[in-house]
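Undergrad: Following is a predicted model, sequence given first.
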Amino acid sequence: MSRKRVVTRREFVGAAAAGFLIVPRRVVARSGQTPPSEKLRIAGIGVGGQGRGDLYNVSGEDIVALCDVDRGSHTAKSFEQWSKARQFRDFRRMFDDMEQQIDAVVVATPDHTHAVAAMAAIKRGKHVYCEKPLAHSVHEVRQLMKAAQEHQVVTQLGNQGHSSDSIRTFCEWIWDGAIGTVSEIHAGCSHVNSGGGRRKSVPGAAVPTTLDWDLWLGPAQWRAYDPAYAPGTWRGWVPFGNGTIGDWACHVLDPVFWALDLGAPQSIQARVKDYDPQTQSDLYPPGDVITFEFPAKGQRGPVTLHWYSGTEPIPRPPQLEEDQEIGPAGAVVYGDKGSIIYGSHGAGGVRIFPQEQMQAYQRPAPSIPRVADGNHHRDWLDAIRHGRSAGSDFSYGGPLTELALLGVVAIKMAGTRLEYDAQQMKFPNCPEADQYLAPPYRDGWTL
């Protein structure tokens, strides 16, 4: 894919340089823009852990509301730091009470409640920053993308590395032909997100007095509380999280997804380690390898992507120097003229190997505008003020998340090669797998 095509599709190139007037809110209300002379009024949904970090990154605005189903120790600092904000347990009640006092929302709940919280905000015309992965099912992703477009709100997926210089460097090198035609990618993360092991199950355990368990479950089917689920360990449980691939793919695969315009795969197949999808259907495996096949597109040929989770490591390239490592999360990208290795979030940098080829490469001049300080949250806030798209809005972050969620479906159908029809959102050769694209909600919950 050419540089011009990608940059145009993302729509943030040059937008930050556009001029604007500092005028009262009433003058620009109909345009959907917020004048830079006024602070945005932001609500946080899910304010412990990552949610607190997200709020800190937008704390130059007005934090007007905090919503969390748990008032335990992991959320106490947020309620203390932003003590003037109104406090809620149920985001639906928050919107009912404060709809006119909220401009934008940061969603950092467990994966299974991302979509319902983000959708509630979008339908009320609120701008949304949502942590990755965007949703818990492909159906939710599609609905959020559609709603964001219909309501013309500014959205951003929380894959912070998308605003880094490193991802831009990677794209520029790929488009410059630094390693020729890319045909194969090996990517993954060694973190093990598998339920049953990170915290001991205690059947019949009492629900903590600080937690509203019914609200924590949200749209997930009812089950009794167990400390093995929350806080913090829900990622390894199928009803609530998306395993290692759901936790990390939106970071690790972001560079290749952008640079190669991967889009939707035509097939997915998973191989799992020490795991039986039938008897362990509530859990994710400790290790898996998922193969995605992408058809030729534009100027590039077909691409094969292998994803490695947990105990299944990325194969070490024979050309990689002995003193170099792939790292716990990253990717090796193979072209017909060389290879590139990079780390997640852009933290591991980007380099061609072997070293002699890196030293000989004449790097192209930067062609993609950089985000100031690589600040992903600021990119979102600036996009709201300028009335433009953020760098990883739902039109981009949605398909990226969908790729991860298709990997989750493949795990549930381990060993079966699933042919995917993205337009119809179904698996023509395996209708049995379609059920995992849109799991039913518990009564009382809808998008």
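TA: Yes, it's here.
Undergrad: now the strands for the stretch 301-447 of the chain?
TA: Listed in chain order, the strands of the stretch 301-447 of the chain (DSSP state E, counting those that start in this stretch) span residues 303-310, 329-335, 338-343, 350-353, 418-419.
Undergrad: Which one of the ones you listed lies nearest to Ser137?
TA: Nearest of these to Ser137, taken as CB to CB: strand 418-419 at 15.3 Å. Just so you know, the C-beta spots here come from the backbone N, C-alpha and C atoms, and that holds for glycine as well.
Undergrad: follow-up on the earlier one: using JSON lines, lay out the strands of the stretch 301-447 of the chain together with mean neighbour count.
TA: Converted to JSON lines, these look like this (neighbours: other CB atoms under 10 Å):
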{"stretch": "strand 303-310", "mean neighbour count": "23"}
{"stretch": "strand 329-335", "mean neighbour count": "23"}
{"stretch": "strand 338-343", "mean neighbour count": "22"}
{"stretch": "strand 350-353", "mean neighbour count": "21"}
{"stretch": "strand 418-419", "mean neighbour count": "20"}
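Undergrad: and of those, who's closest to Ala121?
TA: That would be, of the strands of the stretch 301-447 of the chain and by CB to CB, strand 329-335, which comes in at 29.7 Å.
Undergrad: residues in contact with the closest one?
TA: 174, 178-191, 248, 251-253, 255-256, 314, 317, 320, 326, 339-344, 348 (CB atoms under 8 Å, 6 or more residues apart in numbering).
Undergrad: Could you rerun that using 6 Å?
TA: 179-182, 184-187, 189, 248, 252, 317, 340-344, 348 (CB atoms under 6 Å, 6 or more residues apart in numbering).
Undergrad: low-scoring stretches of the stretch 201-350 of the chain, by residue?
TA: For the stretch 201-350 of the chain, the stretches with pLDDT under 70 are 345-348.
Undergrad: show me where it has helices.
TA: Under the criterion DSSP state H, counting those that start in this stretch, the stretch 201-350 of the chain carries helices at the ranges 213-217, 243-252, 254-259.
Undergrad: Would you mind listing the buried residues in the first one?
TA: By neighbour count, with 16 or more other CB atoms under 10 Å as the criterion, the buried positions of helix 213-217 are Trp213, Leu215, Trp216, Leu217.
Undergrad: Am I right that Ala115 falls within a helix?
TA: Yes - judged by DSSP: H, G, I helix; E, B strand; the rest coil, Ala115 forms part of a helix.
Undergrad: any idea which residue sits dead centre in this protein?
TA: Most central in the chain under CA atoms, centre = their mean is Lys132, positioned 2.7 Å from the mean C-alpha point.
Undergrad: residues contacting that residue?
TA: Contacts of Lys132 (CB under 6 Å, 6+ apart): Leu157, Gly158, Asn159, Cys250.
Undergrad: Measure how buried the first one is and give me the count.
TA: Going back to what we said before, that points to Leu157. 27 (other CB atoms under 10 Å).
Undergrad: Can you tell me the closest non-neighbouring residue to it?
TA: Gly397 (2.9 Å; CB to CB, 6 or more residues apart in numbering).
Undergrad: got it, and Val238?
TA: In space, Val238 is closest to Asp282, 5.5 Å off (CB to CB, 6+ apart).
Undergrad: Could you dump the strands of the stretch 301-447 of the chain into JSON lines with distance to Thr233 added?
TA: Putting the strands of the stretch 301-447 of the chain into JSON lines (distance: least, CB to CB, whole Å) gives the following:
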{"stretch": "strand 303-310", "distance to Thr233": "15"}
{"stretch": "strand 329-335", "distance to Thr233": "19"}
{"stretch": "strand 338-343", "distance to Thr233": "25"}
{"stretch": "strand 350-353", "distance to Thr233": "33"}
{"stretch": "strand 418-419", "distance to Thr233": "28"}
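Undergrad: Indicate which one of the ones you listed is closest to Arg86.
TA: Here strand 329-335 is closest among these (CB to CB), at 37.6 Å.
Undergrad: Please name every helix or strand in contact with the longest helix seen in the chain.
TA: If you go by DSSP state H, the chain has its longest helix at helix 394-412. The contact analysis (3 or more CB pairs under 6 Å, 6 or more residues apart in numbering; DSSP states H and E) places helix 394-412 against helix 138-151, helix 243-252, strand 267-273, strand 287-294.
Undergrad: hmm, back to that, the contacts of strand 329-335, buried ones only, as a ChimeraX selection?
TA: Command for ChimeraX that selects the buried part of the contacts of strand 329-335, burial taken from 16+ other CB under 10 Å:
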select :179,182,185,186,187,189,248,252,317,340,341,342,343,344,348
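Undergrad: how about His74, secondary structure?
TA: Under three-state DSSP, His74 falls in the helix class.
Undergrad: which one is it nearest to, not counting chain neighbours?
TA: Gly48 (4.0 Å).
Undergrad: Count the residues that sit near the one you found.
TA: Neighbour number of Gly48 under other CB under 10 Å is 23.
Undergrad: Give the full set of residues in contact with Glu140.
TA: Ala115.
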